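1. fold the following for me, if possible:
(chains A and B)
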There are 2 protein chains.
Amino acid sequence: MDRSVLSVTTKPLLRALGGEAIDPPPVWLMRQAGRFLPEYRKLRAQIGTFLELCYSPALAAEVTLQPVRRFGFDAAILFSDILVVPDAMGQKVWFEEKVGPQLEPLARRHGLADLTVDRVRAHLAPVYDAASRVKAALDERTALIGFAGAPWTVAAYMIEGHGSRDFAAAKHWALAEPESFATLIDLLVEATAIHLSAQIEAGAEAVQIFDSWAGVLSAQEFDRWSIAPTVKLVRQLKAAHPEVKVIGFPRGCGQRAAEYAAATGVDAISIDYATPAEWARGALKCAVQGNLDPVVLLAGGPMMAREVRRLRKVFAGAPYVFNLGHGVLPTTPPEHVAELVRLVRE
Amino acid sequence: MDRSVLSVTTKPLLRALGGEAIDPPPVWLMRQAGRFLPEYRKLRAQIGTFLELCYSPALAAEVTLQPVRRFGFDAAILFSDILVVPDAMGQKVWFEEKVGPQLEPLARRHGLADLTVDRVRAHLAPVYDAASRVKAALDERTALIGFAGAPWTVAAYMIEGHGSRDFAAAKHWALAEPESFATLIDLLVEATAIHLSAQIEAGAEAVQIFDSWAGVLSAQEFDRWSIAPTVKLVRQLKAAHPEVKVIGFPRGCGQRAAEYAAATGVDAISIDYATPAEWARGALKCAVQGNLDPVVLLAGGPMMAREVRRLRKVFAGAPYVFNLGHGVLPTTPPEHVAELVRLVRE
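-> Presented below is the predicted three-dimensional model:
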């Protein structure tokens, strides 16, 4: 028997994403590597910028592995950022401490001419190097997850230049000049397919597509700018890598997640904390990941235990990956995370 | 025949909120008074702080009437802010230009002792004075809408001290000390009932309850902290003022709006721009208000015309109030609003 096939199929995360009900469910957490961990803060203090950390293969690999070592998660998710893609396409991107990501906002029309997908793979080689190092360090039951931002979410940052509550500038462009916006989205589909494929070739067995700002789109825009580009992206990935598992995370889209799942053919939907788990269990015809509220993890205690048991009960007998409904909050006590993993596996 | 009854029932907004399909539908816009209007900016420049403006009856009335005069809306909505309630309860509240509302964050436990509902009516007397002045100035087909924040949304600001993406501090309090948080919510139900009743007595014929941050609540929290307090609030309002129409705006709650509508007994649901209008038409057993994307109004042009026609078609034959899915953006050209009203009435 082919050992690589055996090792793939015995990883609980990949079995759950493949449609198997696993008891106890596999568990990992969005933003499981990062500021809430003292070992991360120590390492982060020794290096200049956030992007330097992302582009240092040994350090990015180490930061990726920290939470896996400490908590025994079923998956490592590569430590990186969704904005490495515009950085690789030629846009100026930097991270300001306590402010967040900053980009030189893309100018309508003229801005597109400066972008290219040609250097994505070369520019992001250190990211793929980090992925290979992580993969080599993982044991045979722990999966490696790669990720990227969805085209809409990345485009929104590229146009706005920073985070925003409503990304009105990006939506304005999409409404006023849908043709040039579609060109940008198409470029991003291509760049993202390259970036995810390279992560898969470096060892990622699953990838998550973060459409973190899907929720600011109107119903029609959601079809056009979230679902449609993701359909293309998933099709390209599956054509090139039929074995890879794809997790979609259309955050804030409520029950439209069902249309997203059906149209895109993702293997799993990661549901945010506002989505009722019972609804997801019934309505989503794929694996489900999520959706503990990160504030419940922050608070810990008996209420967290109740919530974990409730989620396990809702998804009993279904393909399910335990996770949060959004990323770990930076002030989360690491002991709460250890207790969470214990509760998920009890 | 009683003339006051006649005048109430002939206002298109009140008829629509009462369950009648009106063609063309009545129209008003959230944040229709404010920075996008040059006459507002001129008046605003002559007065010190935003709260001073809210508490100057003649000026607040004037600002309320500006868009009604300019665009002929079917309703005036009192110019005020949801944070006048914590201000009246004794919390320090101020507005920083280009930053937004700031509050001295409520301290857990001890903070509650400093709050009282006893001075709400006296402290906010200038607001009710403004409402009376507006009512006296409106013609017989234009309705006056009062408003308040929902208890959850106001509590979230009171605890966080400012706007936030996830209101994690407020959610943390609610999870860690649900009893004291429930005390705060109960106080807010009482204060909000007083505040809305006083607006109704001053002439408001409908009130809108803004649960602007309902979307950051998990499914269970939504039931407990958004729906349940609103049930109490609506019951109190309807008991004291059986004729008043109540519009609920649980923003960001997706299709849980159907449960909210059924449980609270509001006369209408204002749907945000992410909620599919077709779904709302079928699923909400009450009048519907909304849900043009404010960015569509910002962009204007043929696409805005298409969207207006689409919404009118979706809600043809149903009780419907034309509105946005969120407030008017400050950079919106006033001519686009004039064109919008023309399109709604064509």
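2. is it true that residue A:291 lies in a strand?
-> Yes - in this structure, residue A:291 lies within a strand as judged by DSSP: H, G, I helix; E, B strand; the rest coil.
3. measure it to chain B for me?
-> With distances taken as Cβ to the nearest Cβ, to the nearest Å, residue A:291 is found 8 Å from chain B. C-beta here means a position set from N, CA and C on the backbone, and glycine is covered the same way.
4. output whichever helix or strand residue A:159 is part of as PDB, nothing but the C-alphas.
-> Following DSSP states H and E, the helix or strand that holds residue A:159 is helix A:151-160. What follows is the C-alpha trace of helix A:151-160 in PDB, where atoms were taken according to Å, rounded to 0.1, in the frame of the first residue of the first chain:
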ATOM      1  CA  PRO A 151     -10.400  37.700  -4.200                       C
ATOM      2  CA  TRP A 152     -13.100  40.100  -2.900                       C
ATOM      3  CA  THR A 153     -11.500  40.500   0.600                       C
ATOM      4  CA  VAL A 154      -8.000  41.100  -0.800                       C
ATOM      5  CA  ALA A 155      -9.400  43.500  -3.400                       C
ATOM      6  CA  ALA A 156     -11.200  45.400  -0.600                       C
ATOM      7  CA  TYR A 157      -7.900  46.000   1.300                       C
ATOM      8  CA  MET A 158      -6.100  46.900  -1.900                       C
ATOM      9  CA  ILE A 159      -8.500  49.600  -2.800                       C
ATOM     10  CA  GLU A 160      -9.300  50.900   0.700                       C
END
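5. show me what it is packed up against.
-> Counting contacts by 3 or more Cβ pairs under 8 Å, 6 or more residues apart in numbering or on different chains; DSSP states H and E, the secondary-structure elements packed against helix A:151-160 are helix A:84-89, strand A:100-103, helix A:168-176, helix A:178-201, strand A:206-211, helix A:228-240.
6. okay, the ones you listed, which one's buried deepest?
-> With neighbours taken as mean count of other Cβ atoms under 10 Å in any protein chain shown, these reach their highest mean count in strand A:206-211, at a mean of 26.
7. strand partners of it, parallel vs antiparallel please.
-> Paired strands of strand A:206-211, with direction, are strand A:143-149 (parallel), strand A:245-250 (parallel) (DSSP bridges).
8. contact partners of the shortest one?
-> For strand A:245-250, the surrounding residues in contact (Cβ atoms under 8 Å, 6 or more residues apart in numbering or on different chains) are A:14, A:17-18, A:145, A:150, A:205-212, A:214, A:222, A:226, A:230, A:234, A:237-238, A:256-257, A:260-261, A:264, A:266-270, A:272, A:289, A:321.
9. which residues of the stretch 151-300 of chain A lie near chain B?
-> By Cβ under 8 Å from any Cβ of the partner chain, the residues of the stretch 151-300 of chain A that approach chain B are A:165-166, A:168, A:171-172, A:175-176, A:215-219, A:221-222, A:252-256, A:273-277, A:291, A:293-296, A:298-299.
10. what do you get if the cut-off is 7 Å, keeping everything else the same?
-> Taking Cβ under 7 Å from any Cβ of the partner chain as the measure of proximity, the stretch 151-300 of chain A contacts chain B at A:168, A:171-172, A:175-176, A:215, A:217-219, A:254-255, A:273-274, A:276, A:293, A:295-296, A:298-299.
11. buried subset of the residues you listed, written for ChimeraX?
-> Taking 16 or more other Cβ atoms under 10 Å in any protein chain shown as the burial criterion, the selection of buried members of those in ChimeraX is written as:
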select /A:168,171,172,175,176,215,217,218,219,254,255,273,274,276,293,295,296,298,299
